[in-house]
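In: Need the 3D shape of this:
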Amino acid sequence: MVTNRTCATEMDAVLLLATGRDLRRISLDTPDFTDVLVEMESDRYLDGLVAPAFDPVEGQVYWTDQSGGIYRVPLMGVGGGKVPAEDVITRLGNPDGLAVDWRARNLFWTDTGTDRIEVARLDGSSRWVYNVYYVVPVRAEQILPRSISLSSLRICSCLALSIRM
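Out: Reported below is the predicted structural model:
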C-alpha cells in the first residue's frame with residue numbers, strides 16, 4: 001500500500017520459496033505474508049525445484065532442479081496467467097546452490113555432482129569453471145561446494161561458499 005487509499009502496483013519486498021514441487025513468491029509488504037504460486041505453462045520444470053535466485057534488473061527468477069538444469073521465468077507473470085519458463089543451461093551434474101550477479105549479469109552455481117563452482121552469463125552463454133584455488137587456499141579434497149551467495153559492493157563483488165575444512 002502506497003497511501004491509505006492507493007495500493008502499490010508491484011511488490012517491494014519478496015521472498016522466493018522453492019518447495020521441490022513448485023515455486024512461490026511471498027510478499028513481505030502485506031501483513032499476512034500471503035504466498036502466491038508462480039504458475040508455469042509446463043509442469044516439466046517443477047520436478048525437484050531448488051535454489052531460487054532473482055535478477056532485479058529483468059525481473060526474472062532463476063532456479064536449479066534435480067534433473068540437472070537451470071531455468072528462468074518472469075517473477076510477475078504475464079497478465080496474471082501461466083508464464084512460460086525457459087531452459088538456461090541443461091545437462092549439468094547436480095546443480096544445487098545458485099546466485100545471480102545482477103551487476104555483471106552472471107549466474108554462479110555449485111554442482112555437487114562434479115564438485116565444482118561454475119559461472120555463465122544470464123542467458124547460459126560463456127560458461128566456465130570457477131577456480132576456487134585462487135580464492136581460498138585449500139586442498140582439492142576440501143572443495144565440496146554446496147551453497148553459494150554473492151554480495152555486490154561498490155568496491156568489489158564477494159563470493160561466499162560452503163566448503164569442508
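In: quick one: contacts of whichever strand or helix holds Val129?
Out: Assigned by DSSP states H and E, Val129 belongs to strand 128-130. With contact meaning CB atoms under 8 Å, 6 or more residues apart in numbering, strand 128-130 is reached by Phe108, Arg116, Ile117, Glu118, Val119, Ala120, Leu159. In this view, the C-beta of every residue, glycine as well, is placed from N, C-alpha and C.
In: Verify the assumption that Arg103 is located in a helix.
Out: No: under DSSP: H, G, I helix; E, B strand; the rest coil, Arg103 falls outside any helix and is assigned coil.
In: Local confidence estimate at it?
Out: Arg103 is assigned a predicted lDDT (pLDDT) of 88.
In: Run a quick neighbour tally on it.
Out: 11 (other CB atoms under 10 Å).
In: sorry, back to before: tell me which two of the contacts of strand 128-130 sit farthest apart.
Out: Ala120 and Leu159 (14.9 Å; CB to CB).
In: Which helix or strand contains Leu16?
Out: Counting by DSSP H and E, Leu16 is found in strand 14-18.
In: That strand pairs with which strands?
Out: strand 23-27 (antiparallel) (DSSP bridges).
In: got any ranges where this structure has weak pLDDT?
Out: 1-12, 77-80, 131-146, 151-165 (pLDDT under 70).
In: Could you give the separation of the strand holding Val129 from the chain centroid?
Out: 17 Å (CA atoms, centre = their mean, to the nearest Å).
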